[in-house]
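> just coords:
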């Protein structure tokens, strides 16, 4: 999945202004992908969401200090989402290799279910409040 282009960047503007535009674009991208990624078996959507979380995390690592503490909270959540979705993707990728080995298939399927549950809980319990806090910090920029 290609990153969405960032509109309205101004090389003459302060870093905080441009950083807010970039982060807002990456956050919108992440939120739009989440609904379909929450569906069991939505392997491609989950992979795309992982990439979006990675892009948001990296831009927050670079620009977070000029955006305030909400950016650090959002960066930590993006990192957790990226990790859980990466582990979920690994399970999906290894399942075909486990064909014919019932114990390994069971282990991977169980781990996949637990990771999907962890992802859904992270998203439902922490994401909205975190993203709203980040949006408030961006509005100040």
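Sure, I can see it. Keep in mind that this is a model prediction, so the values were computed, not measured.
> so where's this structure uncertain?
Across the chain, the ranges flagged by pLDDT under 70 are 141.
> quick one, helices of it?
Chain-ordered helices for the chain, with DSSP state H as the definition, fall at 15-37, 43-67, 69-94, 102-122, 128-139.
> kindly reformat the ones you listed as JSON lines containing mean neighbour count and distance to residue 4.
C-betas here are computed from N, CA, C, even on glycine. Formatted as JSON lines, the entries for the helices of the chain read as follows, by neighbours: other CB atoms under 10 Å; distance: least, CB to CB, whole Å:
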{"stretch": "helix 15-37", "mean neighbour count": "19", "distance to residue 4": "5"}
{"stretch": "helix 43-67", "mean neighbour count": "20", "distance to residue 4": "9"}
{"stretch": "helix 69-94", "mean neighbour count": "19", "distance to residue 4": "16"}
{"stretch": "helix 102-122", "mean neighbour count": "15", "distance to residue 4": "22"}
{"stretch": "helix 128-139", "mean neighbour count": "16", "distance to residue 4": "16"}
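> closest one to residue 1 among these?
With respect to residue 1, and counting by CB to CB, the nearest of these is helix 43-67 at 4.3 Å.
> how far off centre is that closest one?
Between the centre of helix 43-67 and the centre of its chain there are 5 Å (CA atoms, centre = their mean, to the nearest Å).
> can you list contacts of that helix?
Contacts made with helix 43-67 from outside it, assessed by CB atoms under 8 Å, 6 or more residues apart in numbering, are listed as 1, 3, 15-16, 19-20, 22-23, 26-27, 29-30, 33-34, 36-37, 39, 71-72, 74-75, 78-79, 81-82, 85-86, 88-89, 92, 119, 134, 137-138, 141.
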